[in-house]
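S.K.: Could you look at this predicted model? Sequence included:
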Number of protein chains: 2
Amino acid sequence: MKNFVFQNTTKIFFGKEQLGALGREVKSYGSRVLLVYGGGSIKKIGLYDKVMKELEDAGLTVFELSGVEPNPRHTTVNKGAQICRENHIDVLLAVGGGSTIDCTKAIAAAYYYDGDVWDLVTQKAPVINALPICTVLTIAATGSEMDCGGVISNVETNEKYGLVHPLLQPKVSFLDPTNTFTVSAYQTACGSADILSHLFDVYYFADNDGKMDMIDRIIEEIIKTVVKYAPIAIKEPDNYEARANLMWAATWALNGFLGTGTQMAPTCHMIEHELSAFYDITHGHGLAIITPHWMEHILNENTASQFKKFGVNVFGVDAALSDMEGAKAAIAKFREFLFQTLGLKSKLTELGIDDKHFTDMARKACPHGELAGFVKLAPKDVEEIFRKSL
Amino acid sequence: MKNFVFQNTTKIFFGKEQLGALGREVKSYGSRVLLVYGGGSIKKIGLYDKVMKELEDAGLTVFELSGVEPNPRHTTVNKGAQICRENHIDVLLAVGGGSTIDCTKAIAAAYYYDGDVWDLVTQKAPVINALPICTVLTIAATGSEMDCGGVISNVETNEKYGLVHPLLQPKVSFLDPTNTFTVSAYQTACGSADILSHLFDVYYFADNDGKMDMIDRIIEEIIKTVVKYAPIAIKEPDNYEARANLMWAATWALNGFLGTGTQMAPTCHMIEHELSAFYDITHGHGLAIITPHWMEHILNENTASQFKKFGVNVFGVDAALSDMEGAKAAIAKFREFLFQTLGLKSKLTELGIDDKHFTDMARKACPHGELAGFVKLAPKDVEEIFRKSL
């Protein structure tokens, strides 16, 4: 196993009606707040009013940036940074899902950069400082509420890249499962696919130095948590137990703990980013379609045992099967879970995607000529995975 | 499940030869360091020299407090605080196990209190501030390297109590499994019993509000990690994989994560503290002897299913057994693990303890007339557990 440095400083308020602490927490970072949110669902569920009341009761001056896109755009980030500069903002408050939080993180860094945030995303310029970030989460999915990264899209160039820096770690995040009761069955399924993909990013990394057994076991239990509770949350949207387990699972899937002792490799995320960069689809849905094809593409005598282990421990696949048969049974069970139990569509064509850009997308998914992971992929591999997913 | 606030800010350096970062990390908190350690085993294994070299290379001025006891005494804490005041210490560095780290935490708080640290331990005076604390860990056991509590003994009054405050959270901890290669089979067994007891403190708490399923599953996996690797570490003291898994398990058993959503209840710890307060025995050994008797004492129709679940999921007890039969089988397996696999002695008499103080100890273990936990205990219950453990 690898040496590592682990630290995660985010303060989490988890549970019902914890917002009473919001004003005090935000105020500890300053008095002028930029509230960032998306398409307005937080107004429909009454969360906007609750948040505004807490901020106003704490005597804070609130500015707003609304309309953050599901795949947040660098132009929106630039607009947010401009608002911060013009209004001498002290602290940012994201109220929404991963997209809103990711956009807020990029604004936090862009505030200190005299130029286009795309320079920071493409690493032409370094992140030198960031405004403090607070969040109120509304969907269990990306884990952005307790990690230091975000993903930003450039629709002019069809590019979507991560912006990761320790300064982008949220100071405080409010996780109230009841705020996810109104998340649709479709978005619950997509969010769950995203959580699973984060878990696979650490579960399926065949590090030459080996892994820490304890971490491997814990990853499997969080996978099982998602497999158990996502269907319940879809059938019973206001099931607190299901929503709470999904929410805490999402947070821990990507907050650093499960990557300790190995090297995370977000292979499917890298492949999917090309899909949503070119077609603006829902990230989790793209992941759900791509992932089983990725599994099949890299299935061989060396990888079969890990896929079988997944099947045996998560889906109750018969341990007496050979590695290869067990692996195939595991992938079949996983497919059934995604496309029957969660009800997601299984083909890219069903999302309006054709093969026009596949060669270009595959090349872009392999920035250094290959894509690291459980098995290294070349652009031709990625293109084949795209084609099989059609 | 309960609402909660979770935050753990400690920065962990885990792995071989990470000490190169020690000087820089300690120096970020000041230039005058008090190095705190125990009976000198860190000199035998060469760790003292390595630490001193790093501190000196970073240009730090080092003072020392050695001889911290296995159950650290309030008089030693007072002495440490005095050294800090006389020498204008900026930052504390504990190099050792849980006792050394606990002592260091108490010194950190005592420095800001003009009186006996026992007033802080007994909550006659509040912790108002603390010196920053860094640690280099040498045994997998207490979890003190990543939590905000410590336990201090008063041998004049035969009392042993916890001192817990957010300010006592270590800033940075260095966890190198190779530093535990020389931990004896006996101390490895005792440390493992301590880890298991911390896990039971959160596993066996029948919260009226229910538990978070994900956390319950993770606790079981960490228990299984200890059950798997403690015997390996005893047989092969320099097995890196075993030592690393035990070390990381110990840290996560008590860093707050596994208590999320429920209320931790350290019942056996409270009972054992009376043993080591009166007889100065090794904490983990006392826990090992007490715990199976505690399990049997509270075993009834309401508690049996949780004990059975433990047996089935951890020790492979037959799931087809009745709750009561399964629970009994689980306790038998746990006994076998402690007293045969780990080789610990199973009776208090074997540690030189008689029943002279049991009534007094049982009363002290129930500070408010009862002891909270999976099942509430009265002094007569605690006394019975002591007597059965003789």
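M.R.: Structure's in. What do you need?

S.K.: Now do the contacts for residue A:349.
M.R.: residue A:390 (CB atoms under 8 Å, 6 or more residues apart in numbering or on different chains). C-beta here means a position set from N, CA and C on the backbone, and glycine is covered the same way.

S.K.: Assign a three-state SS to it, would you?
M.R.: helix (DSSP: H, G, I helix; E, B strand; the rest coil).

S.K.: Model confidence score at it, please.
M.R.: On pLDDT, residue A:349 comes in at 97.

S.K.: One more: residue A:205?
M.R.: 77.

S.K.: What number of residues are in the vicinity of it?
M.R.: As a burial measure, residue A:205 scores 19 neighbours (other CB atoms under 10 Å in any protein chain shown).

S.K.: Contact partners for it?
M.R.: A:211, A:262-265, A:373-374.

S.K.: Now the two most distant members of the residues you listed.
M.R.: Across the contacts of residue A:205, no pair lies farther apart than A:211 and A:373, at 14.4 Å, counting by CB to CB.

S.K.: More neighbours: which of those two?
M.R.: Legend: neighbour count by other CB under 10 Å for residue A:211 and residue A:373, higher for residue A:373 (22 against 19).

S.K.: Could you pull up the residues touching the more buried one?
M.R.: So residue A:373 contacts A:204-205, A:265-267 (CB under 8 Å, 6+ apart).

S.K.: And these, which is closest to residue B:318?
M.R.: Distances from residue B:318 to those, taken by CB to CB, are shortest for residue A:204, at 33.2 Å.

S.K.: which one of the contacts of residue A:373 has the most neighbours?
M.R.: The member of the contacts of residue A:373 surrounded by the most neighbours (other CB under 10 Å) is residue A:267, with 26 neighbours in all.

S.K.: Pretty sure it sits against residue A:381.
M.R.: No. Applying CB atoms under 8 Å as the test, residue A:267 and residue A:381 come out as separate, 10.1 Å apart.

S.K.: Next, show the common contact partners of those two.
M.R.: Joint contacts of residue A:267 and residue A:381 (CB under 8 Å, 6+ apart) are residue A:371.

S.K.: could you pull out the strands for chain A?
M.R.: Listed in chain order, the strands of chain A (DSSP state E) span A:4-14, A:32-36, A:61-65, A:91-96, A:133-137, A:149-154, A:159-164, A:172-175.

S.K.: Quick one, which of these gets closest to residue B:118.
M.R.: Nearest of those to residue B:118, taken as CB to CB: strand A:4-14 at 31.5 Å.

S.K.: residues making contact with the closest one?
M.R.: By CB under 8 Å, 6+ apart, strand A:4-14 touches A:21, A:25, A:145-147, A:169-176, A:244, A:247-248, A:251, A:255-257, A:259-261, B:3-15, B:18, B:260-261.

S.K.: now do 7 Å
M.R.: Contacts to strand A:4-14, defined as CB atoms under 7 Å, 6 or more residues apart in numbering or on different chains, come from residues A:21, A:146, A:169-175, A:248, A:255-257, A:260-261, B:3-7, B:9, B:11-15, B:260.

S.K.: Perfect, that will be all.
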